[in-house]
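J.: sequence first, then the predicted structure:
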2 protein chains.
Amino acid sequence: VSLHDRGLLYGEGVFETIAVRDARPLNLDRHLARLSRGCERLTIPPPDPELLSSEAHRLIGGDDRAVLKIMVTGGEGDRGYAPPAARSPNRILMISPWPDRLERFDTRGIPVMLCRTRLALNPPLAGIKHLNRLEQVLARSELGGEYQEGIVRDMEGNVVEGTSANLMLISRDRLVTPDLSRCGIEGIMRHQILEASSHLGILAEIRTVSLDEVLGAESLFFTNVVIGLRHVSRVGDRDFDAHPWVEALRATVQRLEAGSGMTET
Amino acid sequence: VSLHDRGLLYGEGVFETIAVRDARPLNLDRHLARLSRGCERLTIPPPDPELLSSEAHRLIGGDDRAVLKIMVTGGEGDRGYAPPAARSPNRILMISPWPDRLERFDTRGIPVMLCRTRLALNPPLAGIKHLNRLEQVLARSELGGEYQEGIVRDMEGNVVEGTSANLMLISRDRLVTPDLSRCGIEGIMRHQILEASSHLGILAEIRTVSLDEVLGAESLFFTNVVIGLRHVSRVGDRDFDAHPWVEALRATVQRLEAGSGMTET
């Protein structure tokens, strides 16, 4: 990419990480819709979703299992922060092999840590998957080789998400996930799980979540499109069991994905 | 730059914007020291300053007036936020023509606006000139073609800086500039001016600054290494006069720069 691309210079851009299964980009419509919303928030003209979809399918070819990344940057500009009057965004599509030893929707639990890195509160940039990701890099660095995930709080101490996944808890007969209107990334799999919960008649709540509530929850799981749902077995010295809802949500999401795949082609 | 460079993927990196005068990069030592400090905060091994200095001088060649940009990124990594175990940072040096119609240390005042965009509070990332600059892009977008600068506040409403310059005020016989330990960029010219103030026996304060104090100040100016010092003539419907200290600080900074130039070669 050019040295004058505003994606490199200022992190002006958005991206999507998409799971590819049986040579199909899963939930592609939702990823492209989020990408467009993110572009609009950053005043970048969103690329045509049909064009991105055909480029994605061409890049995937016959790849059975892979991870597809789509980035849209603000394109080249003059020196300085001001966006150019005539915008020409860049589209970047990259495909990576599916991670070794990673089973999607793995049913085993993982121990996680509590990260020291806090997320700054910034409502205009919250929710979207933009390219300013230093906070996630710092939080992820804390995990070292020991942990796969960590719990990340905001500057006020409330729990927001993982380093690269959303967090959900089962607490008092409800599925609860932190509100992301002030920081954090609204994941596509989080959305799928909230949808699955209504199919199952499970009451779901999106709201502020304290660390005490997380540590006192019946069950916890992390979720993104690559790992699917991943049950948390331990945080510090507190052990967590898998709740029957975790398995029910997992099965429902997989059923919904299979269905949407058929309508997609 | 590679599509796998973490500068592009996550904004993992830092940069410096350096004024070139008479084919000399001004305040180069201070720029390189800040660049190193920023790298350390991001766990990027800082490049050798001697190497960067020789690359900078080679790129400048005989260019009389120019703007030099030095970026250091986290380099290439595997998929995901985790920094690679073996880091190989990238150094990028770019030279641009000096902006048309921009006189350094221009003594005319400029009208400025109050930006709506707020800076999020994030102490671990505050002060350094990293590549996550979406807030500055959004603030700068507000200015349109009408204003050259704007006053930017933090999420709590305190005044922090301009969109691409630090802000200083003269108020009750003191030079005052906002504390940047929770957000904002610690400019090299801000540092030079604070140094000049002690040469002149002017009492300087770095602390929290409210919007009321800014609007009630005797005099205001923006400052960065490209514009030098720029007196603010108006904010909204409030007019400001240039204070005699502005001229004294300008002259002292220019004298100090000329001196450091001689020791630099």
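T.: Right, received. Where do you want to start? Residues are numbered from 1 along each chain as shown, chains lettered A, B, ... in the order given.
J.: all helices of the stretch 151-265 of chain A, in order?
T.: A:188-199, A:211-215, A:244-264 (DSSP state H, counting those that start in this stretch).
J.: pull stretch A:225-237 out as PDB, backbone CA atoms only.
T.: What follows is stretch A:225-237 as a C-alpha-only set of coordinates in PDB (Å, rounded to 0.1, in the frame of the first residue of the first chain):
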ATOM      1  CA  VAL A 225     -16.500 -15.200  14.100                       C
ATOM      2  CA  VAL A 226     -13.300 -17.200  14.100                       C
ATOM      3  CA  ILE A 227     -13.500 -19.000  17.500                       C
ATOM      4  CA  GLY A 228     -17.300 -19.100  17.500                       C
ATOM      5  CA  LEU A 229     -18.300 -19.400  21.200                       C
ATOM      6  CA  ARG A 230     -15.600 -20.200  23.700                       C
ATOM      7  CA  HIS A 231     -16.600 -21.100  27.200                       C
ATOM      8  CA  VAL A 232     -14.400 -19.600  30.000                       C
ATOM      9  CA  SER A 233     -13.300 -22.200  32.500                       C
ATOM     10  CA  ARG A 234     -11.400 -19.900  34.900                       C
ATOM     11  CA  VAL A 235     -10.700 -16.200  35.700                       C
ATOM     12  CA  GLY A 236      -7.900 -15.900  38.300                       C
ATOM     13  CA  ASP A 237      -8.800 -18.400  41.000                       C
END
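J.: hey, which of the helices of the stretch 151-265 of chain A is tucked in deepest?
T.: helix A:188-199 (a mean of 20; mean count of other Cβ atoms under 10 Å in any protein chain shown). Every residue, glycine included, has its C-beta placed from N, CA and C.
J.: counting by contacts, list what that one packs against.
T.: Counting contacts by 3 or more Cβ pairs under 8 Å, 6 or more residues apart in numbering or on different chains; DSSP states H and E, helix A:188-199 packs against helix A:28-41, strand A:166-171, strand A:174-178, strand A:204-207, strand A:219-224, strand A:228-235, helix A:244-264.
J.: enumerate the residues of the stretch 51-200 of chain A near chain B.
T.: Proximity of the stretch 51-200 of chain A to chain B, by Cβ under 8 Å from any Cβ of the partner chain, involves residues A:67, A:69, A:71, A:73-74, A:79-83, A:92, A:94, A:96, A:99, A:117-118, A:120-122, A:124-125, A:130-141, A:143, A:155, A:163-164, A:183.
J.: mark which of those residues are buried, thanks.
T.: For these, a burial check counting by 16 or more other Cβ atoms under 10 Å in any protein chain shown picks out A:67, A:69, A:71, A:73-74, A:80-83, A:92, A:96, A:117-118, A:120-122, A:125, A:130-141, A:143, A:155, A:163-164, A:183.
J.: can you tell me what sits against the helix or strand bottoming out on mean pLDDT in chain A?
T.: Lowest mean confidence among the helices and strands of chain A (mean pLDDT, DSSP states H and E): helix A:244-264, at a mean of 82. When contacts are defined by Cβ atoms under 8 Å, 6 or more residues apart in numbering or on different chains, helix A:244-264 is touched by residues A:22, A:24, A:26-29, A:105, A:107, A:170, A:175, A:189, A:192-193, A:195-197, A:199-200, A:202, A:219, A:221, A:228-229, A:231.
J.: out of the helices of the stretch 151-265 of chain A, which gets nearest to residue A:238?
T.: helix A:211-215 (5.7 Å; Cβ to Cβ).
J.: what is the mean pLDDT for the closest one?
T.: Regarding helix A:211-215, the rounded mean pLDDT is 98.
J.: and that helix, how far out from the chain's middle?
T.: Put simply, helix A:211-215 sits 22 Å off its chain's centre (Cα atoms, centre = their mean, to the nearest Å).
J.: run through who's touching it.
T.: Contacts of helix A:211-215 (Cβ under 8 Å, 6+ apart): A:114, A:151, A:153, A:157-159, A:167, A:169, A:171, A:176, A:220, A:235-236, A:238.
J.: can you tell me which of those residues are buried?
T.: Buried among the contacts of helix A:211-215 by 16+ other Cβ under 10 Å: A:151, A:153, A:158-159, A:167, A:169, A:171, A:176, A:220, A:235.
J.: now render those as TSV, adding pLDDT and distance to residue B:258.
T.: Listed next are the buried ones among the contacts of helix A:211-215 as TSV, based on pLDDT from 0 to 100; distance: Cβ to Cβ, whole Å:
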residue	pLDDT	distance to residue B:258
A:151	98	54
A:153	98	49
A:158	98	52
A:159	98	54
A:167	98	57
A:169	98	62
A:171	95	66
A:176	98	63
A:220	98	62
A:235	97	59
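J.: from those, which is closest to chain B?
T.: Nearest to chain B, judged by Cβ to the nearest Cβ, of the buried ones among the contacts of helix A:211-215 is residue A:153 at 13.0 Å.
J.: show me where the stretch 51-200 of chain A has its strands.
T.: Ranges of strands within the stretch 51-200 of chain A are A:65-73, A:90-97, A:110-119, A:150-154, A:159-161, A:166-171, A:174-178, based on DSSP state E, counting those that start in this stretch.
J.: packing partners of the fourth one?
T.: The one in question is strand A:150-154. Applying 3+ Cβ pairs under 8 Å, 6+ apart, we find strand A:150-154 packed against strand A:110-119, helix A:134-143, strand A:159-161, helix A:211-215.
J.: repeat for the fifth one
T.: Contacts of strand A:159-161 with other secondary structure elements, assessed using 3+ Cβ pairs under 8 Å, 6+ apart, are made with strand A:150-154, strand A:166-171, strand A:174-178, helix A:211-215.
J.: can you list the strands that that strand pairs with?
T.: Sheet pairing of strand A:159-161 (DSSP bridges) gives strand A:150-154 (antiparallel).
J.: strand A:219-224 and the strand it pairs with, what's the angle between them?
T.: Taking axes from the mean of the first three to the mean of the last three Cα atoms, to 10 degrees, one finds strand A:150-154 and strand A:219-224 inclined to each other by 90 degrees.
J.: got the CA coordinates for strand A:150-154 in PDB?
T.: Output of strand A:150-154 as PDB, limited to C-alpha atoms (Å, rounded to 0.1, in the frame of the first residue of the first chain):
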ATOM      1  CA  GLY A 150      -8.300 -11.600  28.600                       C
ATOM      2  CA  ILE A 151     -11.100  -9.500  30.100                       C
ATOM      3  CA  VAL A 152     -10.700  -5.900  29.200                       C
ATOM      4  CA  ARG A 153     -12.300  -3.000  31.200                       C
ATOM      5  CA  ASP A 154     -12.900   0.600  30.300                       C
END
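J.: is it true that residue A:112 touches residue A:152?
T.: No: Residue A:112 is not in contact with residue A:152 according to Cβ atoms under 8 Å; the separation is 10.4 Å.
J.: so between these two, which is more surrounded?
T.: residue A:152 (28 against 25; other Cβ atoms under 10 Å in any protein chain shown).
J.: what's the spacing between the more buried one and residue A:166?
T.: 11 Å (Cβ to Cβ, to the nearest Å).
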